[in-house]
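# would you be able to build a 3D model of this:
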Amino acid sequence: MKIVIVGGVAGGATAAARIRRLDETAEIVVFERSGYVSYANCGLPYYIGGVIQSAAELTLQTPESFWKRFRVDMRIRHEVTAIHPDQKTVSVRNLDTGESFRESYDKLLLSPGAKPTQPELPGTGLPRLFTLRTVEDTLTIRDFVEREHPKSVVLAGGGFISLETAENLRELGMQVTIVQRPKQVMNPFDPEMASFLHAKLRERGIKLRLGRSVEGFQEDGEQVRVLLKGEEPLTADMVVLAIGVTPDTRLAKDAGLELGVKGSIVVNDRMETSLPDIYAVGDAVQVKHFVTGSKALVSLAGPANKQGRIAAENLCGGDNRFTGPQGSSVLKIFDLTAAATGINERTARAAGIDCDKVYLSPANHAGYYPGGSLMTMKVLFERKTYRLLGAQIVGREGVDKRIDVLATAIRAGLTALSLTELDLAYAPPYSSAKDPVNMAGFLIENLANDLVRQFHWDEADALPRDGSVTLLDVRTLQEYTGGHLEGFLHIPVDELRQRLGELPQGKPVYVVCQSGLRSYLACRILSQSGFDCRHLAGGYRLYESAVRDRAAAEQAFPCGMDRT
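Numbering: from 1, shown residues only. The predicted structure follows:
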């Protein structure tokens, strides 16, 4: 059996190695148009910033090592230009010699990946304008930075690659501005959770131009002018386009394969396309989202590698199935870690899912053990069934551990209430006896048992201030004087029992504390004393971050960028 694979990164390389482990006699030919195979896309920004010192560290395998270990014929700098399904051949061009030829196959696997979204805007071909997808792109950018010593950069887009590149260029001392059409970075996060990321980026000197549209680029001497809709342009020494990625499916379209969302390749759960003996994997394929069941594009390395393995099994006569991605991801932003799994609230609402959520701000380990830090967690669940839908966490140490536990719980079909039962490892340097994941379950259990009711940060300012409700802040005096919601009476939670007489009977009570714990305790006191009580989910800390971020985004931004 002869298997031809188009694309030698992630899914394609994984499939090639797996096929060889399953079938020692198969002839395996991989065509990769770049000069590298099996490279670490996610590490590319860190080479630009010098965190990864050697370009060789970006490549997990070479054509030579693949042949030596797996007897896979890896042909770099070879571009497949056409697929001929009726003849079971592909047309190939050697990019170094210009030679064109045809290669036959018994089975064909497409792993073309996705290409950086290139909007049809004036000036996209300027020499100081870059995209970042391949090792060659990375080498080009790093060479430019080392040769030209640029002092300023504009990044168009606010996703993973943009933020990682922004951090690395900022660490090199460059002035960095991120321009993003949506009003937040990192679409997997809901706005209030993204506010913590915005605050960190601003703290580190990165300027955010959110809710702005790029209309084109102009050469301005040795700089680039970034044209913005309805605003003065920005000027920078270089520009990186990181608007997103688009499935690279021209070959599939020309061959007559069925296409789906954004031109992606339609596959079944065996990774088979609409034509016999042709499979497809990775960023170019349409999949069924594990949580919503809807058609989706998920451009992440984990699903691509899993799909490559599954396709390899089926190419070799097996029957393996891909059950869909859930979008688990993690990102380093300076000293913060941001992670998400499943769907966010915006996606749940759009899918018609009746969802609810809890927020909590636990420490990453036992409070009495030195060096702890807070994380902010949002856990989303279906209201009636308590099906786990997703989670978002922002913090420092321990974020990745908790998101992986929640991702596993979602994949295993556990309900939100089951989080209380998870038996997780505990020692003071690593966790608390009640792990943050357990605590999320306890919060949801309290809602389920009607022990507490919530209101949310975006409802706080709309609460009536006419005396028809009682507004109560139960933090310490120092916290209260440091900033509080307008119209909220201050009674510390530890004084509440003695001062219940200060609260008028018969009026709903809305309670605020710093993170949501003390307001919950206050509501338990008040509810058992006859008051109708709700507390602010996530507390003043979440409210302040979200509202401050909104205010920062609305502030006037100086035109242009410094040239120094």
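# burial of Gly75, as a residue count?
That one is not Gly; residue 75 is Arg. By the measure other CB atoms under 10 Å, the count of residues near Arg75 is 16. C-beta coordinates here come from the backbone N, C-alpha and C atoms, glycine included.
# surely it is within a strand?
Yes - looking at Arg75 with DSSP: H, G, I helix; E, B strand; the rest coil, it is inside a strand.
# now name the helix or strand holding the residue nearest to it when sequence neighbours are not counted.
Nearest residue to Arg75 in three dimensions, chain neighbours excluded: Phe31, at 5.4 Å (CB to CB, 6 or more residues apart in numbering). Assigned by DSSP states H and E, Phe31 falls within strand 27-32.
# Asp137 is in what secondary structure piece?
Counting by DSSP H and E, Asp137 is part of helix 135-148.
# roughly how far is stretch 101-112 from the heart of the chain?
Relative to the chain's own centre, stretch 101-112 is displaced by 32 Å; criterion: CA atoms, centre = their mean, to the nearest Å.
# quick one, helices of the stretch 451-564 of the chain?
477-481, 517-527, 539-554 (DSSP state H, counting those that start in this stretch).
# which stretch among these comes nearest Ser361?
Of all those, it is helix 539-554 that lies closest to Ser361, at 6.1 Å by CB to CB.
# which SS state does Leu163 fall under?
helix.
# go ahead and confirm it touches Leu336.
No - assessed by CB atoms under 8 Å, Leu163 is found out of contact with Leu336, at 10.4 Å.
# what's in contact with stretch 437-455?
356, 358, 360, 362, 377, 379, 381, 386, 391, 402, 405-406, 409, 416-422, 424, 434, 463, 510, 520, 523-524, 527, 533-537 (CB atoms under 8 Å, 6 or more residues apart in numbering).
# now Ala448: how far from Cys523?
The gap separating Ala448 from Cys523 is 15 Å, by CB to CB, to the nearest Å.
# comparing the two, which shows the higher neighbour count?
A count of neighbours by other CB under 10 Å puts Cys523 above the other of Ala448 and Cys523, at 25 against 15.
# name the nearest residue to Ala17, ignoring sequence neighbours.
Per CB to CB, 6+ apart, closest to Ala17 is Phe70, 5.5 Å.
# all strands of the stretch 101-250 of the chain, in order?
107-110, 114-116, 129-131, 152-156, 175-180, 207-210, 214-220, 223-228, 231-236, 238-241, 245-247 (DSSP state E, counting those that start in this stretch).
# in TSV, list these along with mean pLDDT.
Converted to TSV, the strands of the stretch 101-250 of the chain look like this (pLDDT from 0 to 100):
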stretch	mean pLDDT
strand 107-110	98
strand 114-116	81
strand 129-131	92
strand 152-156	96
strand 175-180	96
strand 207-210	95
strand 214-220	92
strand 223-228	94
strand 231-236	94
strand 238-241	94
strand 245-247	87
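# switch those strands over to CSV; also include distance to Met439 and mean neighbour count.
Output for those, formatted as CSV (distance: least, CB to CB, whole Å; neighbours: other CB atoms under 10 Å):
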stretch, distance to Met439, mean neighbour count
strand 107-110, 45, 27
strand 114-116, 38, 19
strand 129-131, 42, 20
strand 152-156, 36, 26
strand 175-180, 33, 23
strand 207-210, 32, 20
strand 214-220, 42, 17
strand 223-228, 43, 22
strand 231-236, 43, 19
strand 238-241, 40, 25
strand 245-247, 36, 22
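# for Thr476, which of those is the nearest?
strand 207-210 (32.6 Å).
# name the surrounding residues that touch the closest one.
Residues from elsewhere that reach strand 207-210, judged by CB under 8 Å, 6+ apart: 158, 175-180, 182-185, 198, 201-202, 228, 234, 552-553, 557.
# same question, stretch 348-362
In contact with stretch 348-362 (CB under 8 Å, 6+ apart) are residues 292, 294, 343, 345, 374-384, 389-390, 432, 436, 439-440, 443-444, 447, 454, 514-517, 537-539, 541-542.
# of these, buried ones?
With burial judged by 16 or more other CB atoms under 10 Å, the buried subset of these is 292, 343, 345, 375-382, 389-390, 432, 436, 439-440, 443-444, 447, 454, 514-517, 537-539, 541-542.
# the inter-axis angle of the helix or strand hosting Gly441 versus helix 517-527?
Taking DSSP H and E as the definition, Gly441 sits inside helix 436-448. Between helix 436-448 and helix 517-527, the angle comes out at 20 degrees (axes from the mean of the first three to the mean of the last three CA atoms, to 10 degrees).
# now helix 436-448: how far from the chain's centre is it?
24 Å.
# about what we covered before: of all the strands of the stretch 101-250 of the chain, which one is nearest Arg497?
Proximity to Arg497 (CB to CB) singles out strand 207-210 among the strands of the stretch 101-250 of the chain, at 45.1 Å.
# just checking: what are the partner strands of the closest one?
strand 175-180 (parallel) (DSSP bridges).
# which residues touch Glu167?
Here Glu167 is in contact with Pro45, Gly49, Arg204, Lys332, Ile333, Phe334 (criterion: CB under 8 Å, 6+ apart).
# need the per-residue pLDDT for the nearest residue to Gln514 once chain neighbours are set aside.
With sequence-adjacent residues excluded and distances taken as CB to CB, 6+ apart, Gln514 is closest to Gly539, at 5.0 Å. pLDDT, Gly539: 97.
# any idea how far Phe189 is from Gly539?
From Gly539 to Phe189 the distance is 19 Å (CB to CB).
# and what of Lys200?
Between Lys200 and Phe189 the computed distance is 13 Å (CB to CB).
# appreciated, that's everything.
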